[in-house]
Each structure stands twice: as structure tokens, then as C-alpha cells.
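A.B. asks: from the sequence below, what's the structure:
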Amino acid sequence: QVQLVESGGGLVQPGGSLRLSCAASGSIFSSYAMGWYRQAPGKQRELVARISKLGNTNYDDSVKGRFTISRDNAKNTVYLQMNSLKPEDTAVYYCNAGRLSYDGNYYPYDYWGQGTQVTVSS
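C.D. replies: Numbering: from 1, shown residues only. All right, here's what the predicted structure looks like:
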């Protein structure tokens, strides 16, 4: 069992930056792969970035080159640095604990935070 709490969302102008944090508690954080998802109004929740237990990362094409996922196992925290933000990045962002298959696919466990709103608008 793991509890996740996101923070760092807000309103930002196009081209701006935000850093999201997700603090984990209740289990061995370093034993999980971690993912950041987002859900825009009327759309399905989508995986935008994931990081393995050892720090290997993978990104959706829509955020590649602009977002960076990282983790600090000593602080039980995963981060999402978001640069060059666009209006289409507007969504509620969720972190998740999951696992990676042998071929690198991310499978979420049913461990979700409450979400943090990111709004990109002028």
C-alpha cells in the first residue's frame, strides 16, 4: 500500500514552467516504477512520463523534450519538470505507482494521488 500526494500545480502563461512533486508514503517507494498521468476535461487519462526503479525514463511524444521526470528515493518523491508549456498541457496531473514489464511497458497499480491542476493560459 502506498499513499501519494501531488503538489506544484497552478496557472502559468504559455511558454512558462512548473515543477510538480509527488510525495509517497506507506510502502517502499524505491520498489515501484512511477508515472505521471494527466486528464483534460472530456478526455481519457493518459500517461505522459514514467521512470523505472533505477531511473530510466520514457515520455509521450507530446511532451518529449519539454518535460523531465525524476525521482529522489531518499525523499520518497517523484518530480515532473514542465518547460515550454502549451495550452494543450492544461489538465489535472496525477502521479501513480506501478511496474514496468520486461519490454518496458508501464502498468499502473491502483495507487493514485488526488491530482493537481495545471492551467496554461494567457
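A.B. asks: list phi and psi for residue 7.
C.D. replies: With angles defined as degrees, to the nearest 10, residue 7 sits at phi -160, psi 170.
A.B. asks: quick one: it from residue 87, how far?
C.D. replies: Distance of residue 7 to residue 87, computed by Cβ to Cβ, to the nearest Å: 22 Å. To be clear about C-beta, it is placed using only N, CA and C from the backbone, and glycine gets the same treatment.
A.B. asks: with residue 68 instead?
C.D. replies: 20 Å.
A.B. asks: more neighbours: those two, which one.
C.D. replies: Taking neighbours as other Cβ atoms under 10 Å, residue 68 and residue 87 compare with residue 68 leading, 16 against 11.
A.B. asks: per-residue confidence at the more buried one?
C.D. replies: pLDDT, residue 68: 98.
A.B. asks: so it bridges to which residues?
C.D. replies: Note on residue 68: beta-bridge partners residue 81, judged by DSSP bridges.
A.B. asks: again with residue 21
C.D. replies: Residue 21 has these beta-bridge partners by DSSP bridges: residue 7, residue 79.
A.B. asks: wait, it sits on residue 9?
C.D. replies: No. Using Cβ atoms under 8 Å, residue 21 makes no contact with residue 9, being 10.0 Å away.
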